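>>> Attaching a predicted model along with its sequence, questions to come.
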Amino acid sequence: MAAEVLIIMGSKSDEPVGKKAAVVLKELGIEYKLTVASAHRTPKYLAKLVEESEAKVFITIAGLAAALPGVVAAHTIKPVIGVPVSGKVNLDSVLSIVQMPPGIPVAAVGLDRGENASLLAAEILAISDEALSQRIQAHRDAQQARVIEDASTYHEGI
């Protein structure tokens with residue numbers, strides 16, 4: 001089966017965030033591929049990767065100038081989700097992803113939130129997949145149960 005989601009990291013140093021994304025996709029039973037391609041250092045390779053991909057959604061993970069999500073979006077009409085990676089200056093990667101020009105949209109999640117990127121990708125895919133929609137709901141229900149359990153460990157007056 002072809003990957004439904006292609007996770008592209010701008011460099012190997014983005015791997016911790018990429019792994020967060022991969023874990024959630026695996027938990028939800030979504031086929032994915034994780035790879036590295038740079039918007040600046042490998043532009044032709046990146047364009048070919050995107051244009052030849054059968055993925056339905058792209059998750060792009062990048063720090064610093066964070067051009068990767070925008071460059072991927074320029075080569076596809078499929079949904080692109082950008083994950084800014086934290087660093088010495090966090091605002092640069094966030095703004096690079098959210099400040100896209102008109103006509104080339106990129107969805108953005110919070111700094112280092114690979115798991116949220118995967119959940120958003122899953123929600124996009126679930127529009128036409130009822131079984132996936134049910135798995136996402138079960139994931140949310142499990143989160144709720146964990147929070148309620150955590151709350152039960154506290155006593156009034158603390």
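Happy to help now that I have it.

>>> Packing partners of the helix or strand of the chain with the lowest mean pLDDT?
Taking mean pLDDT, DSSP states H and E as the measure, the helix or strand of the chain with the lowest value is helix 91-98, at a mean of 91. Packing contacts for helix 91-98, counted by 3 or more C-beta pairs under 8 Å, 6 or more residues apart in numbering; DSSP states H and E, involve strand 57-62, helix 68-74, strand 80-84, strand 107-108. Using the backbone N, CA and C atoms, a C-beta is placed for each residue, glycine as well.

>>> Save those as JSON lines, and put in distance to D129 too.
Putting the helices and strands packed on helix 91-98 into JSON lines (distance: least, C-beta to C-beta, whole Å) gives the following:
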{"stretch": "strand 57-62", "distance to D129": "12"}
{"stretch": "helix 68-74", "distance to D129": "23"}
{"stretch": "strand 80-84", "distance to D129": "17"}
{"stretch": "strand 107-108", "distance to D129": "19"}
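
>>> can I get these in JSON lines with distance to A22, mean pLDDT and mean neighbour count?
Shown next, in JSON lines, are the helices and strands packed on helix 91-98 (distance: least, C-beta to C-beta, whole Å; pLDDT from 0 to 100; neighbours: other C-beta atoms under 10 Å):
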{"stretch": "strand 57-62", "distance to A22": "9", "mean pLDDT": "98", "mean neighbour count": "28"}
{"stretch": "helix 68-74", "distance to A22": "17", "mean pLDDT": "97", "mean neighbour count": "25"}
{"stretch": "strand 80-84", "distance to A22": "12", "mean pLDDT": "98", "mean neighbour count": "29"}
{"stretch": "strand 107-108", "distance to A22": "18", "mean pLDDT": "98", "mean neighbour count": "22"}
